[in-house]
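Novice: no sequence on this one, just coordinates:
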Ligand code: GLN
């Protein structure tokens, strides 16, 4: 009786009733991955013998629940590639804080998932190990950069997965794959043990099949961490407690800038119908404006490459990662190791960032982008004086074809237009499925984004839960 799609709740229920053991459910997923991963390429590595002890104590919140982890989050003693050739053989020397927390909560780890190199991309096509496929249509991308995690959850190759979101890398693939993706507030979840992309934007979050599971995982991974000084010391609530389906009187802001040029008309229809649902549940819909939205991508694509050029400087062929065997002197070790190890998009961003930070250009590019970032944050602050949450599409389109945008970086970057502002402002946001569009005989999911005030994950989860219940009545 193991061929159904499991949620955290149903695994816990099954274990409790004795329908299966933790070992059986782990093996069920292991076999499924062995069979189906060849086509989807969602996993880069799988943990054969469940190296990590299988716990079956009902007292633990995620006891025996099999999960997948994006391959930029360290699990002690296992390979962590970040989707790059340069780290192809890199073995993690410690556990990321989120991994220690998951271990303490009793999960079992199935393996590490595919991603765009160092999490730069929106399709997984920048992975050094080939793209993942979208389970809804294998000729299409699953989104990115956490595309492997999204595909693994959508295809039921795990119960839930971790990802990272720097400019949309959890929410956009969740939208393309029809699953729930949560990016917590910057500072809510420790980044210790996450291979840094852009440290002022990065945040770890989850992919789940249901909103309730999203709240469960968040309750486990949040908290102040001495290893990440940007984490905030707030009390750690049980986020499942507020999921009561009641949103009467909730003030929902709809920014006009998220419904303009570039938004696919069919995606727009689905998103608008989800907004009507919220209204019918008693929410008050309020038109708002986030006037600096149109500058968000331009600011992001200065700030992110700048931080990338600094963060990736540590990959020098000396301390860890690929080291060129054809180098004649120290300079060549640096140049050749990096030249051989990094892919095209990574090189592009390192060069853009080094340029933006260089003397004479710093004020014109980096400083200006930081000023724009402050204006974007202020837009949200002003809006949140009037509303409790802000909603709109997660991405302007449904999943595109593999290869469709690979040669055109700007059209790829446009896919992040509604997700990037949230990272620039450090806010929490969730993407949940709100229907699908039929294209070439396939149903392609549409994502609905709910953005919250800083550290108010409780309200976005509550809103998402109510909408999920009303869109898919049990
Ligand atoms: N697609 C965005 C980029 O390429 C987002 C990346 C991310 O969130 N990790 O930078």
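Specialist: Yep, it's here. This one's a predicted model, so the numbers in the text were calculated from it and none came from an experiment. Residues are numbered from 1 along each chain as shown.
Novice: residues touching residue 283, list them.
Specialist: Residue 283 makes contact with 247-252, 463, according to C-beta atoms under 8 Å, 6 or more residues apart in numbering. Placement of C-beta: from N, CA and C, glycine included.
Novice: which ones among the residues you listed map onto helices?
Specialist: Within the contacts of residue 283, residues falling in helices by DSSP state H are residue 463.
Novice: okay if I get the contacts of residue 283 as JSON lines plus pLDDT and neighbour count?
Specialist: Shown next, in JSON lines, are the contacts of residue 283 (pLDDT from 0 to 100; neighbours: other C-beta atoms under 10 Å):
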{"residue": "247", "pLDDT": "97", "neighbour count": "21"}
{"residue": "248", "pLDDT": "97", "neighbour count": "9"}
{"residue": "249", "pLDDT": "97", "neighbour count": "9"}
{"residue": "250", "pLDDT": "98", "neighbour count": "19"}
{"residue": "251", "pLDDT": "98", "neighbour count": "15"}
{"residue": "252", "pLDDT": "98", "neighbour count": "21"}
{"residue": "463", "pLDDT": "98", "neighbour count": "25"}
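Novice: turn the contacts of residue 283 into JSON lines, columns for distance to the ligand.
Specialist: Converted to JSON lines, the contacts of residue 283 look like this (distance: C-beta to the nearest ligand atom, whole Å):
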{"residue": "247", "distance to the ligand": "28"}
{"residue": "248", "distance to the ligand": "34"}
{"residue": "249", "distance to the ligand": "33"}
{"residue": "250", "distance to the ligand": "28"}
{"residue": "251", "distance to the ligand": "28"}
{"residue": "252", "distance to the ligand": "25"}
{"residue": "463", "distance to the ligand": "23"}
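Novice: out of the contacts of residue 283, who's nearest residue 173?
Specialist: Among the contacts of residue 283, residue 463 lies closest to residue 173 (C-beta to C-beta), at 21.0 Å.
Novice: and the closest one, what does it touch?
Specialist: 247, 250, 252, 278, 283, 389, 391, 450.
Novice: returning to what we had before: which one of the contacts of residue 283 is nearest residue 90?
Specialist: Lowest distance from residue 90 to the contacts of residue 283 (C-beta to C-beta) belongs to residue 463, with 39.8 Å.
Novice: contacts only, for the most centrally placed residue in the chain.
Specialist: Most central in the chain under C-alpha atoms, centre = their mean is residue 170, positioned 1.8 Å from the mean C-alpha point. Residues near residue 170 by C-beta under 8 Å, 6+ apart: 146, 149, 163-164, 181-183, 205-207, 431.
Novice: try 7 Å
Specialist: If you count contacts by C-beta atoms under 7 Å, 6 or more residues apart in numbering, residue 170 has them with 146, 163, 181-183, 205, 207.
Novice: hmm, who's touching stretch 341-360?
Specialist: The contact list for stretch 341-360 (C-beta under 7 Å, 6+ apart) reads 84-86, 117-118, 120-121, 126, 128, 302, 305-306, 308-309, 312, 315, 321-322, 361, 365-366.
Novice: same for the ligand: which of those residues are within range?
Specialist: With the criterion set as C-beta under 6 Å from any ligand atom, the members of the contacts of stretch 341-360 near the ligand are 120-121.
Novice: among the contacts of stretch 341-360, which are in helices?
Specialist: Those of the contacts of stretch 341-360 lying in helices (DSSP H): 302, 305-306, 308-309.
Novice: buried only: go through those residues for me.
Specialist: When the ones in helices among the contacts of stretch 341-360 are checked for burial by 16 or more other C-beta atoms under 10 Å, the buried set is 302, 305-306, 308-309.
Novice: any chance of TSV for those, columns pLDDT and distance to residue 256?
Specialist: Shown next, in TSV, are those (pLDDT from 0 to 100; distance: C-beta to C-beta, whole Å):
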residue	pLDDT	distance to residue 256
302	97	25
305	98	30
306	97	30
308	98	32
309	97	35
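Novice: residue 420: which of the residues you listed is nearest?
Specialist: The nearest one, if we look at these relative to residue 420 and count by C-beta to C-beta, is residue 302, at 11.9 Å.
Novice: so that closest one makes contact with residue 369?
Specialist: Yes. Using C-beta atoms under 7 Å, residue 302 is in contact with residue 369, at 3.8 Å.
Novice: what's the helix or strand encompassing residue 153 packed up against?
Specialist: Per DSSP states H and E: residue 153 is located in helix 147-154. With contacts taken as 3 or more C-beta pairs under 7 Å, 6 or more residues apart in numbering; DSSP states H and E, helix 147-154 sits against strand 43-46, strand 66-70, strand 108-113, strand 160-164, helix 171-177, strand 204-208.
Novice: now the angle from that helix to strand 108-113?
Specialist: Calculated by axes from the mean of the first three to the mean of the last three C-alpha atoms, to 10 degrees, helix 147-154 forms an angle of 140 degrees with strand 108-113.
Novice: list the buried residues for helix 147-154?
Specialist: Buried residues in helix 147-154, counting neighbours by 16+ other C-beta under 10 Å, are found at 147-154.
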